[in-house]
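Participant: sharing a model prediction with you, sequence too.
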Amino acid sequence: MTDRAPSLFLRARPLPSGQGTSLENPPAARPKGPVRRCVMLDRYQQQQGKMMADTVAVDRDALQAFTTKVSREVLGGLNCALTFVGDQLGLFKAMAELGPTNSEALSEHLGLSERWVREWLYQQACTHHIEYDESTSTFSLSPEASIVLATPEHPAYLGGMLHSVTAMYETLGDLPESFRTGLGQSYDAKGESCACGIERMSKKFQSDHLVPDLLPRLDGIVGKLEAGAQVADVGCGAATSTVAMGRAFPDSAFSAYDISVNALARAKGNIDASGLSNIRLCNSDHDPLPEDGSLDLVTTFDVIHDSTHPRELIRAIRRSLRDDGTWLCADIRGGSSFEENLRENPFAGMAYSFSVLVCMSSGLSVPDGAGLGTLGFHEQKAREMSEAEGFSRFRLVEYEGDQFNAFYEIRP
């Protein structure tokens, strides 16, 4: 035994008659060995407890408030998982279609077990995601809940975010090792479900707002695309952005780049389903960006902060562009310091959570990874890094249609 393992020091038992003196009948002389050490340990622990009581004054109301806060966060984790289950099974969509309903009607409509649906309804009602009418014993969605949970085409729909968050649960067991070694996980290590969730999060903006609302805000880009331009969508993910641009500008040629096997598989499915012939899918590891300055437009949507080597990626983008080309960079909106985000960014807690679980982890998935993190490619950093790699013009695009992203028009 050593003093570094005090929990192993057990209280000594009375010794049998004739084999020494018990603690109930201590001799005049101070005992030696394990018995003395146990007594000393007891006294030490008593002294430490008294010191703690004297120096730490606990506000009981504050303790209760903090306990309640953490309990609500535990509930949030559980509720996120069960809300995602409702999304996957079509429970919210069915409730929006049926109106006020009960577990029997809802389970019959979807071909599910009534007992499971009933308990799920109880849980969702207690968390106030759905409403319960005691007079009719029915459950329903408010108009707002119907938008957020059952209307994928609405900008406020959060099914994709629920999908992404629950996908992260699968790799939580690997995080302690990342904390010890410093090495994160690539997007592919997060699994196919993570790629699917990210696609669902970004699809609405990329499919419905990128072409009509954002691209016209860039100087001369729409005219170039209509005339026929060479475009690279770098870090294309599921290629919903590439498909949207390819469909809108049939005379332009698009190359969709990514390194994630899961993302490339989803991209291939979306490109094939679109029937478009002006999109080429590329694995950047084997088919990198051109270095001959032949591209008119490069787009990156929430890519740079995830990159293991963002400086090298920005340098490659610059080499690929014509001297009159444009880099449209979308990245997470945030402050230039932690303190600024803590004070002013209402999404900072969510962003740093995503960072530890996914974004920073991706950026640290190789030993020399940069690990910028979700809020690491803010406007100031974007200006500094792009200028360092040969860009000379930088403009923040005024666009409020995406509450999470800032958009930069960057030119050589």
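Facilitator: Noted; the coordinates are in hand.

Participant: and the chain, what are its domain boundaries?
Facilitator: 68-151, 177-411 (automatic domain parsing).

Participant: which one of those domains lies closest to Val165?
Facilitator: Closest to Val165 of those, according to C-beta to C-beta: domain 68-151, at 5.6 Å. No exception for glycine: its C-beta is placed from N, CA and C like everyone else's.

Participant: how distant is the closest one from the center of its chain?
Facilitator: Distance of domain 68-151 from its chain centroid, counting by C-alpha atoms, centre = their mean, to the nearest Å, is 24 Å.

Participant: single out the most deeply packed of the domains of the chain.
Facilitator: domain 177-411 (a mean of 18; mean count of other C-beta atoms under 10 Å).

Participant: sorry, back to before: mean pLDDT added to the domains of the chain, as TSV?
Facilitator: Below are the domains of the chain laid out as TSV (pLDDT from 0 to 100):
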stretch	mean pLDDT
domain 68-151	96
domain 177-411	96
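
Participant: adding distance to Glu170, write those out as TSV.
Facilitator: Conversion of these to TSV gives the following (distance: least, C-beta to C-beta, whole Å):
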stretch	distance to Glu170
domain 68-151	11
domain 177-411	6
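
Participant: out of the ones you listed, flag the one nearest Ser164.
Facilitator: domain 177-411 (3.3 Å).

Participant: residues in contact with the helix or strand hosting Glu312?
Facilitator: Using DSSP states H and E, Glu312 maps to helix 310-320. By C-beta atoms under 8 Å, 6 or more residues apart in numbering, the surrounding residues in contact with helix 310-320 are 232, 234, 288-295, 298, 300, 303-304, 307, 327, 363, 370, 372, 377, 385-386, 388-391, 412.

Participant: tell me which of these fall in strands.
Facilitator: Ala232, Val234, Leu295, Val298, Thr300, Trp327 (DSSP state E).

Participant: how far out from the middle of the chain is the lengthiest helix in the chain?
Facilitator: Criterion DSSP state H: the longest helix present in the chain is helix 60-89. A distance of 17 Å separates the centroid of the chain from that of helix 60-89, by C-alpha atoms, centre = their mean.

Participant: and what of stretch 280-299?
Facilitator: 27 Å.

Participant: residues in contact with that stretch?
Facilitator: 221, 224-225, 229-234, 239, 241, 245, 253-259, 264, 267-268, 271, 316-317, 319-330.

Participant: which helices and strands sit right next to the strand or helix carrying Trp120?
Facilitator: Assigned by DSSP H and E, Trp120 belongs to helix 114-126. Counting contacts by 3 or more C-beta pairs under 8 Å, 6 or more residues apart in numbering; DSSP states H and E, helix 114-126 packs against helix 60-89, helix 103-110, strand 138-140.

Participant: show me what contacts the residue nearest to the spatial centre of the chain?
Facilitator: Central residue of the chain (C-alpha atoms, centre = their mean): Phe354, 3.0 Å from the mean position. Phe354 sits next to Thr374 when contact means C-beta under 8 Å, 6+ apart.

Participant: could you do the one 5 residues further on as well?
Facilitator: Counting by C-beta under 8 Å, 6+ apart, Cys359 touches His305, Asp306, Leu372, Gly373, Thr374.

Participant: try Arg217
Facilitator: If you count contacts by C-beta under 8 Å, 6+ apart, then Arg217 has Val397, Glu398, Tyr399, Phe407 around it.

Participant: apply 6 Å and report the result again.
Facilitator: The contact partners of Arg217, by C-beta atoms under 6 Å, 6 or more residues apart in numbering, come to Val397.

Participant: please, which helix or strand holds Cys194?
Facilitator: Assigned by DSSP H and E, Cys194 falls in helix 192-208.

Participant: can you give the distance of that helix from its chain's centre?
Facilitator: On C-alpha atoms, centre = their mean, the centre of helix 192-208 falls 12 Å from the chain's centre.
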